[in-house]
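[1] Just a sequence and a predicted model for now, questions to come.
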Amino acid sequence: MSLPETAPSLADIRSARDATAGLALRTPLITAPSLSALAGREVLLKLESLQPIGAFKLRGAINAVSRLDHEQKRRGIGCCSTGNHGRAVAYAAARAGIRATICLSALVPDAKVRAIQLLGAEVKRIGNSQDAAQAEIDRLVRSDGLTDIPPFDHPHVIAGQGTIALELLDDRPDLSAIIVPLSGGGLISGIAIAAKALKPDIRIIGVSMDRGAAMHESLMAGRPVDVTEVPSLADSLGGGIGLANRWTFPICRALVDETILVGEEEIYRGMQALFGDQKLVTEGAAAVGPAALIAGKLKLNGPAAMIISGHNVDPDQFLAIAGGQPVKIGDQVIRG
Ligand SMILES: *Cc1c(COP(=O)(O)O)cnc(C)c1O
């Protein structure tokens, strides 16, 4: 199966590395002795949780901002993400000295709003749903010429996330697999394009939570499908891939070798293991790779890297999990 003509190439990803150098951190790749013992193969962790906003998403946002022309920069950028993408857009704008407007629904908790304001962005509270926030961004695009930076389905965003694979294969050319948390698929698409261009036989494995796994369901259906969003410890993996998806769906269909689903208890154990073994604070989305391995759902045949994608977790939730206490997600109680 072929890639869309406008999909980023290895050259685009190399150029994204130049554009993000000095702004995104070149993150460390560390060995995980306990996970390696469990796998019978060397397991390495790529610590994207150490990025300035606590997640990899600034790679894509910085690259997208670097491609704007003078007029687009003058008019500013925006998005309506409550999570790591919103922070990434705010951070990238501040570093480039341009204006960012983040539209959030009135339901978004104040702590998340403050985190985005602290990065220097203007926050607009609009309506009571994500749809209302998106409608406001669409209006600003039309009226003020603002550029909406999408969270995953855009070639410049995908190329930025792909810089992770360049670092991985520079550090460890012998990697046999890369295990990637999977939601909209910007992260895994960029990684897959770069890694397979450099090393065609490397395996690219996506891991999602077992309820509301939009890309997994879409790959099974052979076309982008809607999923019902269910509260999860891996909240950064929620949401759809867009029924009008242009890039990440075809790229995943062509280049992702396998998708694995993990349950809430498994994600809980993944977070607990990363803290217990490595003293790493991670959010649920970042722990799905370790979760799949611990659950016996991941078979490795050589050295493998797991993307530890972020650490933006509610402190009370994290402390409960680290201490082995039950946590409540929606109306579900999760125990390890
Ligand atoms: C956004 C995000 C993901 C998933 O990335 P996609 O490009 O949407 O697949 C994984 N982990 C964290 C922490 C994220 O913020």
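    Arrived safely. Numbers count the residues shown, from 1 in each chain.

[2] ok, which stretches of the stretch 201-336 of the chain are helices?
    Secondary structure of the stretch 201-336 of the chain by DSSP state H, counting those that start in this stretch: the helices cover 214-221, 248-255, 264-278, 288-294, 315-322.

[3] Let's see the shortest one as PDB, backbone CA atoms only.
    So the one you mean is helix 288-294. Taking only C-alpha atoms (Å, rounded to 0.1, in the frame of the first residue of the first chain), the coordinates of helix 288-294 have been written out as PDB:
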ATOM      1  CA  VAL A 288       1.200   1.600  27.300                       C
ATOM      2  CA  GLY A 289       4.300   0.000  25.800                       C
ATOM      3  CA  PRO A 290       5.600  -1.300  29.200                       C
ATOM      4  CA  ALA A 291       1.900  -2.300  29.900                       C
ATOM      5  CA  ALA A 292       1.800  -4.500  26.800                       C
ATOM      6  CA  LEU A 293       5.000  -6.200  27.700                       C
ATOM      7  CA  ILE A 294       4.100  -6.900  31.300                       C
END
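
[4] Please state the offset of it from the chain centre?
    Averaging C-alpha coordinates over helix 288-294 and over its chain gives two centres that are 16 Å apart (Cα atoms, centre = their mean, to the nearest Å).

[5] Neighbours of Ala221, how many?
    Other residues near Ala221 come to 9 when the count uses other Cβ atoms under 10 Å. Placement of C-beta: from N, CA and C, glycine included.

[6] try the one 5 residues further on
    Other residues near Asp226 number 13, with proximity taken as other Cβ under 10 Å.

[7] The closest residue to it other than its chain neighbours: neighbouring residues, count only.
    Of all residues not flanking Asp226 in the chain, Gly240 sits nearest, at 5.7 Å (Cβ to Cβ, 6 or more residues apart in numbering). Other residues near Gly240 come to 19 when the count uses other Cβ under 10 Å.

[8] Could you do Ala159 as well?
    In terms of burial, Ala159 registers 32 neighbours under the definition other Cβ under 10 Å.

[9] List the residues that contact the residue nearest to Asp226.
    Residues in contact with Gly240 (Cβ atoms under 8 Å, 6 or more residues apart in numbering) are Gly184, Ala214, Pro224, Asp226, Val227, Glu229.

[10] what's the pLDDT at the last one?
    At Glu229, the pLDDT value in this model is 85.

[11] isn't it right up against Met209?
    No. Glu229 is beyond contact range of Met209, at 10.7 Å (criterion: Cβ atoms under 8 Å).

[12] higher neighbour count, those two?
    Set side by side, Glu229 and Met209 show more neighbours around Met209, with 27 against 14, by other Cβ under 10 Å.

[13] So that one is in contact with Gly263, correct?
    Yes. Contact status for Met209 versus Gly263: in contact at 7.5 Å, counting by Cβ under 8 Å.

[14] how about the residues of the stretch 51-200 of the chain near the ligand?
    Among all residues of the stretch 51-200 of the chain, those adjacent to the ligand (criterion: Cβ under 6 Å from any ligand atom) are Ala55, Lys57, Asn84, Phe152, Pro181, Leu182, Ser183, Gly184, Gly185, Gly186, Leu187, Ile188.

[15] at 5 Å what do you get?
    Taking Cβ under 5 Å from any ligand atom as the contact definition, the stretch 51-200 of the chain meets the ligand at Ala55, Asn84, Phe152, Pro181, Ser183, Gly184, Gly185, Gly186, Leu187.

[16] Flag whichever of the residues you listed scores worst on pLDDT.
    The member of those with the lowest pLDDT is Asn84, and it reads 94.

[17] what sits against Lys199?
    Residues counted as contacts of Lys199 (Cβ under 8 Å, 6+ apart) are Leu169, Pro173, Leu175.

[18] Check which residues of stretch 43-53 are buried.
    Under the neighbour-count criterion of 16 or more other Cβ atoms under 10 Å, stretch 43-53 has Val43, Leu44, Leu45, Lys46, Leu47, Glu48, Ser49, Leu50, Gln51, Ile53 buried.

[19] The fourth one and Ala304 touch, don't they?
    By that I understand Lys46. No. Counting by Cβ under 8 Å, no contact exists between Lys46 and Ala304, whose distance comes to 10.7 Å.
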